[in-house]
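Student: Whatever this is, show me its structure:
(chains A, B, C and D)
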4 protein chains.
Amino acid sequence: MSDPEAPDLDTALLLCAAALATAKEVGALVSVAVVDGGGNLVAFVRMDGAEIAGPTLAVDKAYTAVAHRVSTEVLGVLARPGGPLQGLASAAGGRYICFGGGKPLWAGGRVVGGIGVSGGTVEHDVACAKAAADKWPYPAPTDSAP
Amino acid sequence: MSDPEAPDLDTALLLCAAALATAKEVGALVSVAVVDGGGNLVAFVRMDGAEIAGPTLAVDKAYTAVAHRVSTEVLGVLARPGGPLQGLASAAGGRYICFGGGKPLWAGGRVVGGIGVSGGTVEHDVACAKAAADKWPYPAPTDSAP
Amino acid sequence: MSDPEAPDLDTALLLCAAALATAKEVGALVSVAVVDGGGNLVAFVRMDGAEIAGPTLAVDKAYTAVAHRVSTEVLGVLARPGGPLQGLASAAGGRYICFGGGKPLWAGGRVVGGIGVSGGTVEHDVACAKAAADKWPYPAPTDSAP
Amino acid sequence: MSDPEAPDLDTALLLCAAALATAKEVGALVSVAVVDGGGNLVAFVRMDGAEIAGPTLAVDKAYTAVAHRVSTEVLGVLARPGGPLQGLASAAGGRYICFGGGKPLWAGGRVVGGIGVSGGTVEHDVACAKAAADKWPYPAPTDSAP
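Tutor: You can find the predicted model right below:
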């Protein structure tokens, strides 16, 4: 299995399904987005009854995780007031989301995509994103931030 | 079966699948979006190898079809220079797309969603959007524009 | 030589240099941009005295050529009033530039980048973009639009 | 040598090269931008493998350094919550970046350009920007902020 250049649609939908399964387990109503390594959308699903913020926040979480090669929850720590990346949430027209729910997808030592979940509590969003990322069949570098 | 207020996710994905099946038949690489009656995204898929304009144009075609309650190809005729809606493509920050590929989804006499397809020729996009709309289980009013 | 996934920086600067050489020959003052297959900037140069529109238009021409997999001059014909893509110039927040100077860069049957030139007459911009694209070492599909 | 009104392209590329050399030394993957005194881009380079946030953040750091005539790290202190410029990061549509990596370029007592680096740790970005600024052949006023 060679390293992919981007999540293909089948894999992207599989990741979405994994996030939705976890959302149902924990009782959250979420949106889930998968983007490629250029930050462009591959797949998106919004559960029945999930809030309309999802099409913005799930997509932008996935975009942010690609743009910074780190989960949005780790980024959120760096972007705190007084932190090394303070104010980051306002950059890029507000597209960098600095709280949990976005994760980069690695393959061959590069970030080739990202997943973003929004709509539940941050804890729920993070759990759903993790469930999705766990289905991604390629490993992250051992020294990459989570 | 009562009239829905919006496409549910299962139906949205079924419509996407119908559009993708037609795209494969005609040899097009497309993106497909389904939005609800508020113009907010419910589901999106981009075929492997489809251009990155899709996440913008498929979504905005679906949005446009809801916003104006008419297919984007009909809207395109109205929006021609000298036409009754000239300049419409520049309105709404450029989100109103005035060429084929977007269709409203009716139920109970109201527009409750929209579908948008982008990535092929306009003819291909229209064929894919029609294939998707044909799977929508509720009728359009007999006097609505196509 | 395997197909690249994106223009590397050395190649991008080589393409920029080719465009600048042509600009000097024809007496134009231009900006030149190279983007990757996700539409993200790889390299940019603005000649001394070139107008400040270049950072917007050269980048967006390159972006447009990637997004639509066609030169921006061909796109311009399609996007004419009454044409199949009328109003396209207003979409995507105005980032789709519908006149000459942008060209996609193909490799392995896929668009993996784009080049954009702005600042001269459209004829000059097209000539500069062509000079740059001619330095790109991978062929376009024989059936792709120019 | 009279004072320039802006970085010319040759000098801008020399500054970029200095930043890239330092990035390689410290093992960072960065983007580098040089803007003129109007905040408009003169040159940009993104190293192979550098994150896609660079085209936004390197450019906006350079822009910010020009706009406020101070390095973005000094600005970051002023822009802290409770500080004299709190909330600045949200102004200008989010283009003012309030952490290190941007430096103004002075000549003849005026700011005539700026350099911005993004992609490494903030410490790496600052070191790369300093290496570039050290190649700038004109002195800053002795009383200017660093």
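Student: do stretch A:38-57 and chain D meet at all?
Tutor: Yes: looking at stretch A:38-57 against chain D by Cβ under 8 Å from any Cβ of the partner chain, the contacts come from A:38-39. For the C-beta atoms, the positions are set from N, CA and C on the backbone; glycine is no exception.
Student: In that stretch, which residues are buried?
Tutor: Buried positions in stretch A:38-57, judged by neighbour count with 16 or more other Cβ atoms under 10 Å in any protein chain shown: A:38-47, A:50-51, A:54-57.
Student: Can you list which of those residues are found in strands?
Tutor: A:41-46 (DSSP state E).
Student: Redo the residues you listed as a markdown table? Include distance to A:Gly82 and pLDDT.
Tutor: What follows is those, written out as a markdown table (distance: Cβ to Cβ, whole Å; pLDDT from 0 to 100):
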| residue | distance to A:Gly82 | pLDDT |
| --- | --- | --- |
| A:Leu41 | 34 | 98 |
| A:Val42 | 36 | 98 |
| A:Ala43 | 37 | 98 |
| A:Phe44 | 35 | 98 |
| A:Val45 | 37 | 98 |
| A:Arg46 | 36 | 98 |
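Student: From the buried residues of stretch A:38-57, pick the one nearest C:Thr22.
Tutor: When the buried residues of stretch A:38-57 are compared for distance to C:Thr22 (Cβ to Cβ), A:Gly38 wins out at 28.3 Å.
Student: what sits against the closest one?
Tutor: A:6, A:66, B:52, C:36-40, D:52 (Cβ atoms under 8 Å, 6 or more residues apart in numbering or on different chains).
Student: what angle do the longest helix along chain A and strand A:41-46 make?
Tutor: Ranked by residue count, the top helix of chain A under DSSP state H comes out as helix A:9-26. Here helix A:9-26 points in a direction 30 degrees away from that of strand A:41-46 (axes from the mean of the first three to the mean of the last three Cα atoms, to 10 degrees).
Student: From the contact counts, what lies against the helix or strand following helix A:9-26?
Tutor: For helix A:9-26, the following helix or strand on the C-terminal side (DSSP states H and E) is strand A:31-36. The elements that strand A:31-36 packs onto, with contact taken as 3 or more Cβ pairs under 8 Å, 6 or more residues apart in numbering or on different chains; DSSP states H and E, are helix A:9-26, strand A:41-46, helix A:54-68, strand A:110-118, helix A:122-134.
Student: for the buried residues of stretch A:38-57, which one is nearest C:Pro104?
Tutor: A:Gly38 (14.2 Å).
Student: Which element, helix or strand, includes A:Thr142?
Tutor: With DSSP H and E as criterion, A:Thr142 is part of no helix or strand.
Student: Roughly how far does it sit from A:Gly109?
Tutor: A:Thr142 sits 11 Å away from A:Gly109, going by Cβ to Cβ, to the nearest Å.
Student: do A:Gly82 as well
Tutor: Distance check for A:Gly82 against A:Gly109: by Cβ to Cβ, it reads 32 Å.
Student: I'd say A:Leu75 and A:Val66 touch.
Tutor: No: in this structure, A:Leu75 is not within contact of A:Val66 by Cβ atoms under 8 Å, at 11.6 Å.
Student: higher neighbour count, the two?
Tutor: Neighbours were counted for A:Leu75 and for A:Val66 using other Cβ atoms under 10 Å in any protein chain shown; A:Val66 has more, 29 against 26.
Student: I'd assumed A:Arg110 was in contact with the more buried one.
Tutor: No: checked against Cβ under 8 Å, the pair A:Val66 and A:Arg110 is beyond contact range at 10.6 Å.
Student: okay, and the common contacts of those two?
Tutor: Common contacts of A:Val66 and A:Arg110 (Cβ under 8 Å, 6+ apart): A:Gly37.
Student: OK, now which residue of chain A is nearest to chain D?
Tutor: Relative to chain D, the nearest point of chain A is A:Gly87 (2.7 Å; Cβ to the nearest Cβ).
Student: per-residue confidence at that residue?
Tutor: A:Gly87 is assigned 95 on the pLDDT scale.
Student: how close does the closest residue to chain C within chain A get to C:Ala62?
Tutor: Residue nearest to chain C within chain A: A:Gly38 (1.5 Å; Cβ to the nearest Cβ). Per Cβ to Cβ, A:Gly38 is found 13 Å from C:Ala62.
Student: list residues touching both of those two?
Tutor: What both A:Gly38 and C:Ala62 touch, as defined by Cβ under 8 Å, 6+ apart, is the set C:Gly39.
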